[in-house]
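Enquirer: how does the following fold in three dimensions:
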Amino acid sequence: MFKKLKFIIYTRPFIFFAYYIIQIYSMTFRLKIENEERWQKLREQEQGTPIILCAWHQQFFSAIRHFKTYSRYNPGLMISQSKDGDLISGVAKKTGWHTPRGSSSRGGKQAMNMMITHLKTYGLGAHILDGPTGPIGRVKAGIIKMAHEADAVVVPLYTSAEHAWFFNSWDRFMLPKPFSRVTITFGREIRLESSNDEDIFEHQRQTLENVMRPGLIL
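Expert: Predicted coordinates for the structure are as follows:
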């Protein structure tokens, strides 16, 4: 019975169903968007600067509905090749996002290259800093490599909710309660100068982690 249920969850009709459930549920949120215009101006006016929006795994659900408004940019998001990734990828595609598939444990190099090409071509992507399996609050190296190779700026993204449930999962996944005020805040852009020096690379990774961690809800 459990195996049959798992099979149903990953089918195309269920993904279609999940997309609409997420959209309807998210419509109950009282959204407040802060500092969005700054990175959009960079993308649209400053010689088309490529942008990578970055967030913690804990907080991405809150932004799904609003991310649909970015479909005009042809945005990209790298998603793992797991079964859960199939579901997330299916939902993301229906919101207008392209989804190169891979992670540090499986298919990562190919997906990373696809994501870098996507950023160079279309100029907008998003990245889950500690996904898909954590540990929570640990920025993985992929975001630094993508920024270097695509000559992109990194824009921190934080979400918070007036009232929310937190799951007993590795990321303490946050699910805003219906009709809660949800705030999506964009931080100041971070420019990471490309370098082959391993110490500089690690310093940039740690700096981004230090910037992002205060926005994590523990």
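Enquirer: can you tell me the SS state at the closest residue to Ala150 other than its chain neighbours?
Expert: Nearest non-adjacent residue to Ala150, counting by C-beta to C-beta, 6 or more residues apart in numbering: Leu119, 3.8 Å away. Every C-beta, even on glycine, is put in place using the N, C-alpha and C of the backbone. Three-state call for Leu119 (DSSP: H, G, I helix; E, B strand; the rest coil): helix.
Enquirer: go ahead and confirm Leu119 touches Val154.
Expert: No. Taking contacts as C-beta atoms under 8 Å, Leu119 lies outside contact range of Val154: 11.3 Å.
Enquirer: ok, now which ones touch the residue nearest to Ala150?
Expert: By C-beta atoms under 8 Å, 6 or more residues apart in numbering, Leu119 lies in contact with 50, 52, 76, 125, 146, 150, 152.
Enquirer: how about a cut-off of 6 Å?
Expert: Counting by C-beta atoms under 6 Å, 6 or more residues apart in numbering, Leu119 makes contact with 50, 125, 150, 152.
Enquirer: Phe179: which of those is nearest?
Expert: Nearest to Phe179, judged by C-beta to C-beta, of the contacts of Leu119 is Gly125 at 31.3 Å.
Enquirer: residue contacts, the closest one?
Expert: 52, 75-76, 119.
Enquirer: what's the neighbour count on the nearest residue to Gly134 once chain neighbours are set aside?
Expert: In space, Gly134 comes closest to Trp170 once its chain neighbours are excluded; the distance is 4.4 Å by C-beta to C-beta, 6+ apart. A total of 15 residues lie near Trp170 under the criterion other C-beta atoms under 10 Å.
Enquirer: hang on, Trp170 packs against Pro132?
Expert: No. Using C-beta atoms under 6 Å, Trp170 makes no contact with Pro132, being 9.9 Å away.
Enquirer: helices and strands around the lengthiest strand in the chain, which ones?
Expert: When the chain is scanned for its longest strand (criterion: DSSP state E), the result is strand 153-161. Contact here means 3 or more C-beta pairs under 6 Å, 6 or more residues apart in numbering; DSSP states H and E; on that basis strand 153-161 packs against strand 51-55, strand 181-186.
Enquirer: and the next helix or strand past the helix or strand bottoming out on mean pLDDT in the chain?
Expert: Across the helices and strands of the chain, mean confidence by mean pLDDT, DSSP states H and E is lowest for helix 2-9: a mean of 46. Proceeding N to C from helix 2-9, the next assigned helix or strand is helix 12-26, under DSSP states H and E.
Enquirer: and the helix or strand following that next one, which residues are buried?
Expert: Using DSSP H and E, the helix or strand that follows helix 12-26 in sequence is strand 30-34. By neighbour count on 16 or more other C-beta atoms under 10 Å, the buried set for strand 30-34 is Leu31.
Enquirer: average model confidence for strand 30-34?
Expert: In this model, strand 30-34 carries a mean pLDDT of 98.
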